[in-house]
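Chemist: with the input below, show me the fold.
(4 chains)
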4 protein chains.
Amino acid sequence: MKEPGPDPLAGVTHVRVYFADTDQMGVVYNGRYLTWCEIGRTELLRDAGLPYALVESRGVSLPVTEATLRVRRPARYDDLVRIETVVSGLRTREVRFRYLMWRDDVCLVEAETAHVPVDRDAGHAVRLPQWLRDALVP
Amino acid sequence: MKEPGPDPLAGVTHVRVYFADTDQMGVVYNGRYLTWCEIGRTELLRDAGLPYALVESRGVSLPVTEATLRVRRPARYDDLVRIETVVSGLRTREVRFRYLMWRDDVCLVEAETAHVPVDRDAGHAVRLPQWLRDALVP
Amino acid sequence: MKEPGPDPLAGVTHVRVYFADTDQMGVVYNGRYLTWCEIGRTELLRDAGLPYALVESRGVSLPVTEATLRVRRPARYDDLVRIETVVSGLRTREVRFRYLMWRDDVCLVEAETAHVPVDRDAGHAVRLPQWLRDALVP
Amino acid sequence: MKEPGPDPLAGVTHVRVYFADTDQMGVVYNGRYLTWCEIGRTELLRDAGLPYALVESRGVSLPVTEATLRVRRPARYDDLVRIETVVSGLRTREVRFRYLMWRDDVCLVEAETAHVPVDRDAGHAVRLPQWLRDALVP
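Modeler: Purely as a prediction, here's the structure:
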């Protein structure tokens, strides 16, 4: 069942696979997919008019507190991978993003990350600011 | 409640945090924890008398099909992190490892990975070989 | 004094800086610049009509045997860095590339890499094949 | 001809090669050697009684301004690599380190890095402090 309410904020970006991303199994090293998650959500925020650098300049950071990867098929050297990112959860003290990574019409990797808003100066968790919530709800 | 039966295979190794592992938030980059998972299970296999290089030389690889991270507190520059690794699941076509990463007596990160045995030449999933199962059950 | 003869093969590509590329000094980690060199020469080869994947499929690889970096000013988070790559040397058993990395009109990094053609199956150095030389001379 | 004067400060450390360090050529990715340089000089400083974290806490950082790699033979998966590091230059505004990386008695990689002392707060280059110079001359 689809969630009621407006569609969540979503975006698409692409990454190319280089040798630096692969390991000697001939596929992308699993830890690298978490960097692609970062790229996906960073470009989503940029498209939404709120670059992450701006979020930080307003005193909030969004460190990763949880991450889940499911590798259906590995990405390979020279693949042009499409990353689809969506805001999958918005709570008072947590933001979640979900990611699908594709080569053409083959889904390679599913991922999800959770983030807690942190006051950069004080270093402790805070409530999600309204201006950040507004940017994440389309 | 503790699981019945023999204790699972477990091991301990350490990693030092360098600048290469950190990002500009001043903490270890989240994708790096998956490399520490690799280090943990590789040293566990070595301690068990079955170095992963030997597993591969027998024609089997164990690619990561799932990974889960929970970052309670981030590791920081120059930390000496203790990685505790345990075999958390053994099924016909899947091996799972669980990891705890510590700075002194503070638990920083919990993680789990799942792996499917693959025939290296044929490239498809196979049943977990008996010799590998034997090495993973203490 | 400019070298006589035709202009060398040259190309331009861009990379965005993410947290994954930075360290806790707040700048791009130095080892990451070598990945940007790989990106620069890979896209140069693609633009020249000879993707590196095709070079390898013809049985030749071009491992890095030397690399030199000079960091004038570090790249920073969220920079969009322009990488200019040029073929700077073509000898019987060596190819060299030179790289300039820019943020707007500020030159951040100069680099050079040397590569020896290797027969992928036999694993030893070979003479630069004529088809590869032809692709690298515009 | 050996340089006159006392032997330079030198140290030895080891790194194990994991999948995370390799690429699909089946060897260590070249950019990774610069991380090993960091590990070499960090452990040299620690052995000299001046951990780099302490250098930074006194307000000085030593960013890499130049790096040179020569890869004679690549390191491979599961190698235990010995890194020998030596202070190769000490000038008013520059420190240099030289590195040799070995597998058993085979020299794999030679490297050198140059570093400029920077005032962490002001962000500009400074003269090498006497306490740092003293630690680097045995």
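Chemist: where exactly do the helices run in chain A?
Modeler: With DSSP state H as the criterion, chain A has helices at A:30-47, A:52-57, A:130-136.
Chemist: export these as TSV, with columns for mean pLDDT.
Modeler: Formatted as TSV, the helices of chain A follow (pLDDT from 0 to 100):
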stretch	mean pLDDT
helix A:30-47	97
helix A:52-57	96
helix A:130-136	94
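Chemist: CSV for those helices, including mean neighbour count and distance to residue B:83?
Modeler: C-betas here are computed from N, CA, C, even on glycine. Formatted as CSV, those follow (neighbours: other CB atoms under 10 Å in any protein chain shown; distance: least, CB to CB, whole Å):
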stretch, mean neighbour count, distance to residue B:83
helix A:30-47, 23, 14
helix A:52-57, 16, 30
helix A:130-136, 14, 34
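Chemist: out of those helices, which is closest to chain B?
Modeler: Smallest distance to chain B across the helices of chain A (CB to the nearest CB): 3.6 Å, for helix A:30-47.
Chemist: so the closest one versus helix B:32-47, what angle?
Modeler: Helix A:30-47 and helix B:32-47 meet at an angle of 170 degrees, taking axes from the mean of the first three to the mean of the last three CA atoms, to 10 degrees as the criterion.
Chemist: tell me the contacts of the spatially most central residue of chain A?
Modeler: Centroid-nearest residue in chain A: residue A:41, 3.4 Å away (criterion: CA atoms, centre = their mean). Residues in contact with residue A:41, defined by CB atoms under 8 Å, 6 or more residues apart in numbering or on different chains, are A:52, A:85, A:97, A:99, A:113.
Chemist: need the helices of chain A in TSV with distance to residue A:75, can you?
Modeler: Converted to TSV, these look like this (distance: least, CB to CB, whole Å):
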stretch	distance to residue A:75
helix A:30-47	8
helix A:52-57	24
helix A:130-136	27
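Chemist: of the ones you listed, which is nearest residue C:37?
Modeler: helix A:30-47 (18.1 Å; CB to CB).
Chemist: what is residue A:82 paired to in the beta sheet?
Modeler: Per DSSP bridges, the residues bridged to residue A:82 are residue A:14, residue A:102.
Chemist: ok, now which ones touch residue A:26?
Modeler: A:76-77, D:24.
Chemist: rerun that using 6 Å as the cut-off
Modeler: Residues counted as contacts of residue A:26 (CB atoms under 6 Å, 6 or more residues apart in numbering or on different chains) are residue D:24.
Chemist: contacts made by stretch A:124-138 with the rest, please.
Modeler: The contact list for stretch A:124-138, computed with CB under 6 Å, 6+ apart, reads A:9, A:48, A:50, A:87, A:90, A:92-93, A:116-119.
Chemist: mind doing that once more with 8 Å?
Modeler: Contacts of stretch A:124-138 (CB under 8 Å, 6+ apart): A:6-9, A:45, A:48-50, A:55, A:58, A:60, A:87, A:90-95, A:116-119.
Chemist: dig out what residue A:111 forms beta bridges with.
Modeler: Bridge pairing for residue A:111 - DSSP bridges - gives residue A:69, residue A:99.
Chemist: that one contacts residue A:68, doesn't it?
Modeler: Yes: here residue A:111 reaches residue A:68: they are 6.4 Å apart, a contact under CB atoms under 8 Å.
Chemist: in terms of neighbours, single out the busier of these two.
Modeler: Neighbour tally, residue A:111 and residue A:68, criterion other CB atoms under 10 Å in any protein chain shown: the higher count belongs to residue A:111, 22 against 17.
Chemist: picking up where we left off before, what separates the residue nearest to the centre of chain A from chain C, distance-wise?
Modeler: Noted for residue A:41: a distance of 10 Å to chain C, by CB to the nearest CB, to the nearest Å.
Chemist: if we can go back for a sec, which among the contacts of stretch A:124-138 end up buried?
Modeler: Neighbour counting by 16 or more other CB atoms under 10 Å in any protein chain shown classes A:8-9, A:45, A:48, A:50, A:55, A:60, A:87, A:94-95, A:116-118 among the contacts of stretch A:124-138 as buried.
Chemist: before we move on, the earlier item: what touches both of residue A:111 and residue A:68?
Modeler: With CB under 8 Å, 6+ apart, residue A:111 and residue A:68 have no common neighbours.
Chemist: what sits against residue A:8?
Modeler: Here residue A:8 is in contact with A:86-88, A:137-138 (CB under 8 Å, 6+ apart).
Chemist: residues contacting residue A:7?
Modeler: Applying CB under 8 Å, 6+ apart to residue A:7 gives the contacts residue A:138.
Chemist: state the distance from it to chain D.
Modeler: Per CB to the nearest CB, residue A:7 is found 37 Å from chain D.
Chemist: any low-confidence regions in chain A?
Modeler: Within chain A, the stretches with pLDDT under 70 are A:1-6.
Chemist: near chain B, which residues of it show up?
Modeler: Residues of chain A lying close to chain B (CB under 8 Å from any CB of the partner chain) are A:25, A:27, A:30-35, A:38, A:61, A:63-71, A:74.
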